[in-house]
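> Give me a model of this one.
(2 chains)
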Amino acid sequence: KNEVEQSPQNLTAQEGEFITINCSYSVGISALHWLQQHPGGGIVSLFMLSSGKKKHGRLIATINIQEKHSSLHITASHPRDSAVYICAVGDNTDKLIFGTGTRLQVFP
Amino acid sequence: EPEVTQTPSHQVTQMGQEVILRCVPISNHLYFYWYRQILGQKVEFLVSFYNNEISEKSEIFDDQFSVERPDGSNFTLKIRSTKLEDSAMYFCASSRLAPGNQPQHFGDGTRLSIL
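Below you'll find the predicted structure:
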């Protein structure tokens, strides 16, 4: 059974700071997802990756398959980045296993 | 951009009653999912659906739950006899390709409150 751990659980930052959120998993996966959950509850998919690095705007996601570890970075953070960021992993089944999320608050 | 839509946004039901949560996945998507998030807890997989049948389900998805794609556009989750512990946010998601090959697109969720 895959366990997904995220750190930190809560993160507070000043606008403009560089943010890193970490995710570790215990068993081999087919893909790792980073998701953003807004205060109202809606979930948006940010990245799906199985190797290397992906970038979209100010967001960067990396994964190290050997170390079973992924990071989500936010450059030049902004108050609108405030949300819960969730790591989820998929194996060769349809099931996604979710981490508990990291609650990020960015203050002006 | 196409969206997954869920209705209603909030459903309040008496314990023991049946409830149907509705989802309209993105039109050219072939894989459909339901997830649940109890308040303050992590999101949990319930069931996946492909080619008009369940392809995978979790231990949570017992005989009280069923899914259906009645008309080629809607995808529904039915809970036959609701319990207090069914209170949660329920998310529908869809993807065009098989899991692992494409991100899933999520709806905004239905908040289910059982009284």
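> Bridged to A:His56, which residues?
A:Leu59 (DSSP bridges).
> pretty sure it contacts A:Phe47?
Yes. Contact criterion C-beta atoms under 8 Å: A:His56 and A:Phe47 qualify, at 7.0 Å. Every C-beta, even on glycine, is put in place using the N, C-alpha and C of the backbone.
> Show me which of the two is the more surrounded one.
A:Phe47 (23 against 9; other C-beta atoms under 10 Å in any protein chain shown).
> ok, A:Gln9 - how many residues close by?
10.
> Check B:Glu44 too.
When neighbours are counted by other C-beta under 10 Å, B:Glu44 comes out with 20.
> Grab the nearest non-local neighbour of it.
Take B:Glu44 and drop its neighbours on the chain: the residue closest to it by C-beta to C-beta, 6 or more residues apart in numbering or on different chains is B:Arg36, 5.2 Å away.
> Which phi and psi values does the one you found adopt?
The phi and psi torsions at B:Arg36 (degrees, to the nearest 10) take the values phi -130, psi 140.
> which residues touch it?
B:43-44, B:46, B:60, B:88-91 (C-beta atoms under 8 Å, 6 or more residues apart in numbering or on different chains).
> and if you look at B:Ile20?
Contacts for B:Ile20 were tallied using C-beta under 8 Å, 6+ apart; they are B:76-78.
> again, 6 Å this time
When contacts are counted by C-beta atoms under 6 Å, 6 or more residues apart in numbering or on different chains, B:Ile20 is found next to B:76, B:78.
> I'd like the distance between it and A:Gly57.
38 Å (C-beta to C-beta, to the nearest Å).
> and the one helix or strand A:Ile21 maps to, which residues are buried?
Element membership for A:Ile21, per DSSP states H and E: strand A:19-25. By neighbour count with 16 or more other C-beta atoms under 10 Å in any protein chain shown, strand A:19-25 contains the buried residues A:19, A:21, A:23-25.
> Over to stretch A:69-82?
Neighbour-count burial for stretch A:69-82, with 16+ other C-beta under 10 Å as criterion, is recorded at A:70-74, A:77, A:81-82.
> ok, and which of those reach chain B?
When these are filtered against chain B using C-beta under 6 Å from any C-beta of the partner chain, no residues are retained.
> could those residues go into JSON lines alongside distance to A:Pro8?
Formatted as JSON lines, the entries for these read as follows, by distance: C-beta to C-beta, whole Å:
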{"residue": "A:Ser70", "distance to A:Pro8": "15"}
{"residue": "A:Ser71", "distance to A:Pro8": "12"}
{"residue": "A:Leu72", "distance to A:Pro8": "12"}
{"residue": "A:His73", "distance to A:Pro8": "14"}
{"residue": "A:Ile74", "distance to A:Pro8": "14"}
{"residue": "A:Ser77", "distance to A:Pro8": "14"}
{"residue": "A:Asp81", "distance to A:Pro8": "15"}
{"residue": "A:Ser82", "distance to A:Pro8": "15"}
